[in-house]
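J.: Next comes the sequence, and after it the predicted model I'd like to discuss.
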Amino acid sequence: MRIAFLAAAVALLLSGSSTLAADIAAGKAKAEMCVACHGENGISQMENTPSLAGQPDQFIQWQLVFFRGGARKSDVMAPMAEQLTNDDVRNLGAYFASLTPPKGAPDDNPDLSKKGEMAAKGRRCASCHTDSYAGTKAVARIAGQREDYLLKALHDYKSGARAGGGGAAMADVAYPLSEEEITALAHYLSRL
């Protein structure tokens, strides 16, 4: 009897876990509401708006949950995220993670990129964002991200305006950055 109960419990758990699997096609359909700001195929053309293509699945999910719960503030994102179900969040994370990330912008200032590379090494950015700055799990991909958005994000972390997720770690990293380092980091990372 006990073995039958355990077998039934395992079967129930296994059957339930398939409902937690992400549906990329459903994520693509739901992402239609994201295109106006985050661009076709998740590559933003809008100032101060991040590209989402190639962002780690968990990163997208956590950010949507932070917006939905109010831990991360945005007059634009909060009302959109409030409408999302947990399945929507999972599906959007899987969809954006499946897209090809944006290519870095052409490097029109190699000297500034060199300063940014030195700042990234000095601040140990790769310890969380990986050696290629492609992000992992709940840590953002910053390679090839829009330069204006990286500037905004670093300023928001430095000022304490941005919270949620790795906010404490980022605040510790960003607070001591000089304006020159912020500019150089944003330039360098956007060119990768």
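T.: Done, it's in.

J.: dump the residue contacts of the spatially most central residue of the chain.
T.: With distances taken as Cα atoms, centre = their mean, residue 140 lies nearest the centre of the chain, 4.0 Å away. Counting by Cβ atoms under 8 Å, 6 or more residues apart in numbering, residue 140 touches 55, 56, 59, 129. Yep, even glycine has a C-beta here, placed from its N, CA and C like the rest.

J.: now do residue 49
T.: 37, 38, 146, 149.

J.: Just give me the neighbour total for the third one.
T.: As a burial measure, residue 146 scores 23 neighbours (other Cβ atoms under 10 Å).

J.: pretty sure it is touching residue 51, no?
T.: Yes: between residue 146 and residue 51 there is a contact at 6.2 Å, judged by Cβ atoms under 8 Å.

J.: ok, back up a step: now, the most widely separated pair of the contacts of residue 140?
T.: Among the contacts of residue 140, the pair separated by the greatest distance (Cβ to Cβ) is 55 and 129, at 11.6 Å.

J.: got any residues that touch both of these two?
T.: Joint contacts of residue 55 and residue 129 (Cβ under 8 Å, 6+ apart) are 135, 140, 141.

J.: what comes up buried for the strand or helix carrying residue 111?
T.: In the assignment (DSSP states H and E), residue 111 maps to helix 110-122. By 16 or more other Cβ atoms under 10 Å, the buried positions in helix 110-122 come out as 112, 113, 115, 116, 117, 119, 120.

J.: How much space separates residue 72 from residue 78?
T.: According to Cβ to Cβ, to the nearest Å, residue 72 and residue 78 sit 8 Å apart.

J.: Neighbour count: the two, which is higher?
T.: Using other Cβ under 10 Å as the criterion, residue 72 and residue 78 rank with residue 72 on top: 20 against 15.

J.: coming back round to it: any chance of CSV for the buried residues of helix 110-122, columns pLDDT and distance to residue 92?
T.: Formatted as CSV, these follow (pLDDT from 0 to 100; distance: Cβ to Cβ, whole Å):
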residue, pLDDT, distance to residue 92
112, 98, 34
113, 98, 32
115, 98, 36
116, 98, 30
117, 98, 32
119, 97, 32
120, 97, 29
